[in-house]
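Trainee: please work out how this folds:
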Amino acid sequence: MRVEILQELGPDDARLEIPWASADDPTLAYIDLKTFPDKAQELDECRSRPVLGSLLRAINRPDSLLRSAKCHVWITHELAEEERWDFDFPVKVASYFDLLFDSPGLNANLGPHLRLAEEIERGMKETRLQAQMDIAVRRCLFHAEENWGYYLTLFVHAYGATENEAETAWTLALLNLRDVLEGLSRAPWKTGL
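Mentor: Got it, this is the predicted structure:
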């Protein structure tokens with residue numbers, strides 16, 4: 001599995017606001033799954049892909065140092081030229097997950113986000129799947145404190161000759177990611193954040 005860390009901190013790069021709400025669809029808005037974990041089951045994507053619900057529950061466990069902000073999953077046959085060269089498969093299951101620290105103090109500092117990205121990269125790079133992960137470090141406005149900070153977006157894309165094959169690779173990638181994140185939540189490295 002190819003894993004790459006990207007710093008997207010420029011003025012034109014994607015940003016997040018917490019809490020967020022879609023301007024186009026008022027039914028799409030931030031759900032605090034740390035406080036209301038059962039709401040993960042209400043998300044359409046979790047109903048159709050139980051592994052996503054499992055990942056979100058792991059991220060938002062009470063003892064986890066993380067919380068989720070947004071996620072999305074889709075299937076496409078439109079691949080970038082680089083993806084066609086690297087994977088040579090016609091189908092991609094594409095997804096992203098926004099992660100925040102559960103501590104306002106950590107969210108305000110870039111260093112912990114870069115370190116977390118490196119730990120995720122280290123944990124995922126031995127995964128042997130037709131998949132790739134980009135870990136983007138981005139800026140976030142936290143409305144509760146009215147402060148700018150940071151968050152991570154994890155893009156997980158898996159490929160296959162059929163939708164079933166791509167979905168299987170994506171599911172395995174998410175199971176590995178869940179295990180990595182659970183391990184990081186218990187690991188001694190977090191005390192150095």
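Trainee: from now on I want contacts and neighbour counts done on CA atoms only, so please keep to that.
Mentor: Will do.
Trainee: which of the residues in whichever strand in the chain runs longest are classified as buried?
Mentor: Criterion DSSP state E: the longest strand present in the chain is strand 147-160. For strand 147-160, the neighbour count (16 or more other C-alpha atoms under 10 Å) marks 149-160 as buried.
Trainee: same question for stretch 19-26.
Mentor: residue 20.
Trainee: ok, residues contacting it?
Mentor: 28-30, 142-143 (C-alpha atoms under 8 Å, 6 or more residues apart in numbering).
Trainee: and for residue 169, the neighbour number?
Mentor: When neighbours are counted by other C-alpha atoms under 10 Å, residue 169 registers 22.
Trainee: what of residue 133?
Mentor: 23.
Trainee: quick check: neighbours of the stretch of helix or strand it belongs to in the sheet, parallel or antiparallel?
Mentor: Assigned by DSSP states H and E, residue 133 belongs to strand 131-142. Strands that pair with strand 131-142, judged by DSSP bridges, come out as strand 2-8 (parallel), strand 15-18 (parallel), strand 147-160 (antiparallel).
Trainee: orientation of the next helix or strand after the longest one relative to strand 147-160 in degrees?
Mentor: Right, strand 147-160. On the C-terminal side of strand 147-160, the nearest following helix or strand under DSSP H and E is helix 163-186. Angle of helix 163-186 versus strand 147-160, following axes from the mean of the first three to the mean of the last three C-alpha atoms, to 10 degrees, is 140 degrees.
Trainee: and the residue nearest the centre of the chain, what element?
Mentor: What sits nearest the mean C-alpha location of the chain, by C-alpha atoms, centre = their mean, is residue 97, with 2.6 Å. For residue 97, the element it lies in under DSSP H and E is strand 91-101.
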